[in-house]
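**Q** Predicted model, plus sequence, below.
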Amino acid sequence: MLIPRPECAGKALSALTRGPEGGQLVGGPFSARPPPQPRCRPTGPRAPWHPQQARERRRPGGALPRKVRAGVRTLTTRPAFPSPGKSKEAEIKRINKELANIRSKFKGDKALDGYSKKKYVCKLLFIFLLGHDIDFGHMEAVNLLSSNKYTEKQIGYLFISVLVNSNSELIRLINNAIKNDLASRNPTFMCLALHCIANVGSREMGEAFAADIPRILVAGDSMDSVKQSAALCLLRLSSTWRARTSALTCPSAPQGVVTAAVSLITCLCKKNPDDFKTCISLAVSRLSRIVSSASTDLQDYTYYFVPAPWLSVKLLRLLQCYPPPEDAAVKGRLVECLETVLNKAQEPPKSKKVQHSNAKNAILFETISLIIHYDSEPNLLVRACNQLGQFLQHRETNLRYLALESMCTLASSEFSHEAVKTHIDTVINALKTERDVSVRQRAADLLYAMCDRSNAKQIVSEMLRYLETADYAIREEIVLKVAILAEKYAVDYSWYVDTILNLIRIAGDYVSEEVWYRVLQIVTNRDDVQGYAAKTVFEALQAPACHENMVKVGGYILGEFGNLIAGDPRSSPPVQFSLLHSKFHLCSVATRALLLSTYIKFINLFPETKATIQGVLRAGSQLRNADVELQQRAVEYLTLSSVASTDVLATVLEEMPPFPERESSILAKLKRKKGPGAGSALDDGRRDPSSNDINGGVEPTPSTVSTPSPSADLLGLRAAPPPAAPPAPSGAGNLLVDVFSDGPAAQPGLGPSAEEAFLRFVCKNNGVLFENQLLQIGVKSEFRQNLGRMYLFYGNKTSVQFQNFSPTVVHPGDLQTHILSAWPGPLAPVDGGAQVQQVLNIECLRDFLTPPLLSVRFRYGGAPQSLTLKLPVTINKFFQPTEMAAQDFFQRWKQLSLPQQEAQKIFKANHPMDAEVTKAKLLGFGSALLDNVDPNPENFVGAGIIQTKALQVGCLLRLEPNAQAQMYRLTLRTSKEPVSRHLCELLAQQF
């Protein structure tokens with residue numbers, strides 16, 4: 001364990017002065033005065049510390065910030081803990097001695113004065129910042145809150161903000177002390193109390209001060225520093241307070257108060273936009289004053305010659321919560337402001353410092369975002385596009401990235417699309433030469449967005465060329481985009497077929513089922529391209545190294561339309577069959593099943609190949625194949641070709657009919673991959689009049705019913721009528737309470753219960769974990785040794801966006817020390833009908849018995865929703881199958897003969913007793929099945945090793961089914977007692 005160095009504790013305490021959203025609270029969280037910068041004492045060896053020498057050894061710059069140090073005399077020379085060069089044991093011994101001394105002072109008969117309490121509480125806080133647990137002193141810190149001395153009250157609030165949990169039993173006492181300070185009208189004490197509320201941020205505090213904080217915010221006699229703290233405190237609590245907030249942006253309000261209040265108003269506008277429409281004109285007025293002023297007019301708020309950049313950005317973001325103003329005067333004034341910002345961007349910089357350019361560009365990009373949001377001023381849109389075009393070749397990587405990202409959105413506007421297309425050569429060059437992968441990805445996004453019929457072939461060819469060297473992380477996305485563009489803008493269908501086959505050849509591993517399903521549908525529906533497709537795919541299959549997806553496409557097309565090229569001796573029926581069958585043994589089970597269907601189609605198309613194909617079907621490797629699907633197809637196809645007459649065979653194996661007209665599922669997959677908010681960029685509102693749907697489909701209208709593709713959703717999520725939105729919570733007077741309430745439980749599940757769904761994953765890795773009327777959660781996971789990766793898919797089944805969608809992983813008890821999970825954090829809002837994905841990386845440190853929990857919280861229709869599920873991560877997922885001979889098995893079985901190493905259970909079968917199903921479940925459980933080990937051939941014997949980072953646990957199992965009594969006896973022996981019992985319970989529930 002790494003122990004923070006004592007001299008760095010001052011920096012840790014300094015970090016506590018950061019307010020909500022990383023902003024600096026006025027005067028720091030524990031002072032109404034501007035906080036001085038902390039100073040750290042130089043590192044070096046320190047002599048042992050004695051209280052009598054404290055005053056003699058005082059020196060400037062202790063380890064604590066000056067504002068904490070000033071009121072604690074003895075702490076300016078803090079206890080000299082062992083330096084990092086000495087042993088950790090010596091440091092722990094010294095700390096334990098100090099803790100024992102402080103504990104004795106607190107429990108002694110002599111009452112401590114305020115100074116002594118402050119001194120010892122501050123020492124406890126310092127020890128906590130060094131990385132050690134503190135389990136006492138909380139009550140003494142609460143007592144400091146009642147002091148009338150600033151330094152004592154400051155240390156008390158500091159201790160509570162850092163160490164007191166929001167669920168602590170002391171919260172009510174703390175609330176009473178805070179309420180007294182808020183009512184004291186002392187601005188210093190009020191700021192300390194407000195910052196404590198923001199730092200703790202518990203539900204009880206939100207309920208207790210729901211009325212007090214808004215009243216302080218709008219009170220006429222409150223100081224500006226108190227109002228700023230109140231605004232940021234409300235922002236932290238994210239309340240539903242609606243009264244008089246917009247008045248804080250009025251022209252007479254101080255600039256600092258407006259800066260703090262705009263963050264609060266923006267947060268409230270996103271939740272209740274109708275309640276704050278009056279702030280639009282005030283925001284425009286304030287923005288106009290800033291933009292039109294010189295740097296000397298707002299001297300106190302000018303940052304490197306840029307007037308009030310933070311407030312300008314916040315005002316521009318606030319205006320993006322609403323459509324363009326309806327009032328012509330307000331709209332004209334706003335347009336004038338936006339034009340002024342664009343004009344200033346063309347002016348020479350007033351400083352060469354990077355801070356000046358950063359502030360200036362921040363306002364510029366936020367202005368462009370507002371212009372794009374309004375999408376109603378053609379002149380401004382074109383000017384914004386030209387300004388962004390200048391950034392495409394800027395030497396600063398971040399500016400190039402932001403320019404590409406903003407131009408992607410501009411490309412979807414009918415006013416600026418042509419202006420964006422003029423930069424195609426620059427974007428293509430960026431795709432080829434950029435060193436940063438994120439910039440290359442944005443360049444690919446922009447090429448996709450600016451593509452239309454006039455430049456489709458150029459863009460598709462460039463993206464195919466880039467795909468050969470593209471980063472692996474973005475190849476699948478590039479494949480989907482090329483497939484969509486080729487389908488959407490194809491006029492010559494042979495070009496479309498060539499493009500998709502090139503796609504498979506270049507990046508076959510990243511071509512999903514949706515892509516090659518789609519090309520098969522289009523070829524089947526277009527008579528004029530079938531012969532060309534058969535010829536092209538036949539030539540592609542002759543390559544020495546041929547991807548399996550190419551074999552799938554070739555098998556289907558030749559099975560349906562191979563007769564169109566059979567007249568050429570180079571592609572005669574026997575040649576076609578030999579070519580396909582040469583790939584047979586190299587393919588997966590699914591591809592071989594498809595090829596068997598192609599073979600039976602050949603018997604109908606080319607009777608001369610019947611004897612050869614029947615010989616293949618009759619081979620022992622097919623009729624006695626271990627895979628049930630292949631075996632059944634071989635038996636059925638062989639019987640069909642032998643028994644059925646020519647007419648019957650022709651009827652059964654006739655050419656596939658055209659597929660029904662439908663929307664492409666590739667676009668839906670790309671939206672899911674890009675995540676929420678990508679819909680507008682991927683499926684923009686403009687419909688290119690020159691674009692063409694390959695299937696001849698028409699633009700869906702409200703009266704058109706579209707048949708979804710079988711592969712339209714990886715989890716089987718289908719569009720359904722959205723359920724009625726739950727009623728919005730009543731009682732708007734409960735101001736700060738709603739955000740902290742747990743909310744009603746999620747709707748009852750449509751599928752199995754949560755426990756049943758969890759148990760199904762014991763022997764499988766993929767499937768639907770949860771589903772109700774609102775949400776579907778799917779899981780796809782893979783495990784190797786002690787590592788695992790889990791993909792979680794969240795599908796919004798409604799047409800309403802999920803707000804504040806936040807899935808988190810919870811480790812009950814001490815599970816955090818047994819299993820690690822790297823979680824990417826909360827998601828953005830999930831659009832209606834969309835599906836988003838998160839990846840969870842897992843590492844098994846030690847054996848564990850309880851799985852981690854998945855907690856999902858979001859807002860739907862204004863009402864909070866929450867659910868908690870068990871993540872399908874069980875100890876058997878880290879099984880490593882082990883093959884053993886019979887002699888080795890029994891030898892190891894005898895070694896594990898201690899009573900605590902064995903777990904046995906006799907239970908009644910809950911499902912039909914099928915030997916194949918039982919075998920599949922045992923294999924899915926993770927162990928290797930050993931043949932010819934048990935004397936009774938009806939029994940199942942398995943072996944495996946559970947891989948953890950700390951140790952390996954060997955496991956042997958024996959399952960004895962009794963079909964007559966419909967009972968099982970399961971015996972497990974492992975080298976660790978809890979693992980034996982747990983695995984026995986898990987496996988017994990599967991039969």
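**A** Now that the structure is in, tell me what you want to look at. Residues are numbered from 1 along each chain as shown.

**Q** so which helix or strand takes in the residue most central in space within the chain?
**A** Nearest to the mean C-alpha position of the chain, by C-alpha atoms, centre = their mean, lies residue 838 at 4.2 Å. Per DSSP states H and E, residue 838 falls inside strand 835-844.

**Q** The residue nearest to the centre of the chain and residue 122: what is the separation?
**A** Computed with C-beta to C-beta, to the nearest Å, the distance linking residue 838 and residue 122 is 42 Å. Where you see a C-beta, it was placed from the backbone N, CA and C, and this is true even at glycine.

**Q** before we move on, the earlier item: give me the beta-bridge partners of the residue nearest to the centre of the chain?
**A** Using DSSP bridges, the bridge partners assigned to residue 838 are residue 792.

**Q** Helices of the stretch 851-991 of the chain, start to end?
**A** 886-895, 915-925, 977-988 (DSSP state H, counting those that start in this stretch).

**Q** Also the stretch 551-700 of the chain?
**A** All helices of the stretch 551-700 of the chain, identified by DSSP H, counting those that start in this stretch, fall at 573-581, 589-605, 610-618, 620-623, 628-643, 646-652, 665-674, 679-682.

**Q** want to throw those helices into TSV with mean neighbour count, mean pLDDT and distance to residue 186?
**A** Below are the helices of the stretch 551-700 of the chain laid out as TSV (neighbours: other C-beta atoms under 10 Å; pLDDT from 0 to 100; distance: least, C-beta to C-beta, whole Å):
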stretch	mean neighbour count	mean pLDDT	distance to residue 186
helix 573-581	18	92	87
helix 589-605	20	92	75
helix 610-618	16	90	92
helix 620-623	13	77	89
helix 628-643	16	90	79
helix 646-652	11	85	91
helix 665-674	21	64	53
helix 679-682	16	46	51
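
**Q** Nearest approach to residue 280 belongs to which of these?
**A** helix 679-682 (22.9 Å; C-beta to C-beta).

**Q** Let's see the pLDDT reported for the residue nearest to the centre of the chain.
**A** The predicted structure scores residue 838 at 86 on the pLDDT scale.

**Q** Looks like it contacts residue 807 (just checking).
**A** Yes. Residue 838 lies in contact with residue 807 (C-beta atoms under 8 Å); the separation is 6.8 Å.

**Q** re the thing from before, figure out which of the helices of the stretch 551-700 of the chain is closest to residue 230.
**A** Residue 230 sits nearest to helix 679-682 of all the helices of the stretch 551-700 of the chain, at 36.8 Å, using C-beta to C-beta.

**Q** Next secondary structure after that closest one?
**A** Under the assignment DSSP H and E, the closest C-terminal helix or strand after helix 679-682 is helix 754-760.

**Q** which other helices and strands contact the helix or strand just after that following helix?
**A** Next in sequence after helix 754-760, counting helices and strands by DSSP H and E, comes strand 766-771. The contact analysis (3 or more C-beta pairs under 8 Å, 6 or more residues apart in numbering; DSSP states H and E) places strand 766-771 against helix 754-760, strand 775-784, strand 863-870.

**Q** List the buried residues in strand 766-771.
**A** Residues 767, 768, 769, 770, 771 are the ones in strand 766-771 that count as buried (16 or more other C-beta atoms under 10 Å).

**Q** per-residue confidence at residue 88?
**A** Value listed for residue 88 in the pLDDT field: 80.

**Q** do residue 937 as well
**A** Confidence score, pLDDT, at residue 937: 83.

**Q** Report the distance from stretch 428-435 to the chain centre.
**A** Centroid separation for stretch 428-435 versus its chain: 28 Å, with C-alpha atoms, centre = their mean, to the nearest Å.
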